[in-house]
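Chemist: Build me a structure from this.
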Amino acid sequence: MAKPLKVDEVWMDRIAGQLNDMEFGSLHIVVHEGQIVQMERTERKRFENTPSGSASKSGSTPRSTSPRSLRGSNANAKG
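Modeler: Have a look, this model is predicted:
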C-alpha cells in the first residue's frame, strides 16, 4: 500500500522557488516512499527571429534550446 505524500512548508517553498520566473518548461517531482526526494527542472527559452538578425524574447515562435535540437540530424544515429 502506498504511503501518503508528505509535503510540508519547506517543500512548498522549494517547489515555488523552482517555478518562479519559469516562462516555458516543466518541473518533475520524484517521490519515494511517500516523500519528495528530487526535483528536475526543464526550462525552454523561445526567441523570435527578426530580419536584422537580432533575437528578442517572445512566445510566438517556438524554438527549443535543448541540446538534442542543437546536435543536428545525426544525434540519434548509432555507429
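Chemist: Count the neighbours of the nearest residue to residue 25 once chain neighbours are set aside for me.
Modeler: Distances taken as C-beta to C-beta, 6 or more residues apart in numbering place residue 43 nearest to residue 25, at 3.8 Å, with adjacent residues excluded. Glycine gets a C-beta too; all of them are placed from N, C-alpha and C. Number of residues near residue 43 (other C-beta atoms under 10 Å) recorded here: 14.
Chemist: With only the CA atoms kept, save the longest helix seen in the chain in PDB.
Modeler: In the chain, taking DSSP state H as the definition, the longest helix is helix 9-19. Extracted C-alpha coordinates of helix 9-19, given in PDB (Å, rounded to 0.1, in the frame of the first residue of the first chain):
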ATOM      1  CA  GLU A   9       6.000  24.200   4.100                       C
ATOM      2  CA  VAL A  10       9.700  23.700   3.300                       C
ATOM      3  CA  TRP A  11       8.900  21.600   0.200                       C
ATOM      4  CA  MET A  12       6.200  24.100  -0.800                       C
ATOM      5  CA  ASP A  13       8.800  26.900  -0.700                       C
ATOM      6  CA  ARG A  14      11.300  24.700  -2.700                       C
ATOM      7  CA  ILE A  15       8.600  23.900  -5.400                       C
ATOM      8  CA  ALA A  16       7.600  27.600  -5.600                       C
ATOM      9  CA  GLY A  17      11.200  28.600  -5.900                       C
ATOM     10  CA  GLN A  18      11.700  26.200  -8.800                       C
ATOM     11  CA  LEU A  19       8.600  27.600 -10.600                       C
END
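Chemist: residues in contact with that helix?
Modeler: Here helix 9-19 makes contact (C-beta atoms under 8 Å, 6 or more residues apart in numbering) with 27, 29, 36, 39, 41.
Chemist: Also stretch 27-40?
Modeler: Contacts of stretch 27-40 (C-beta under 8 Å, 6+ apart): 2-7, 11, 14-15, 18-19, 41-42.
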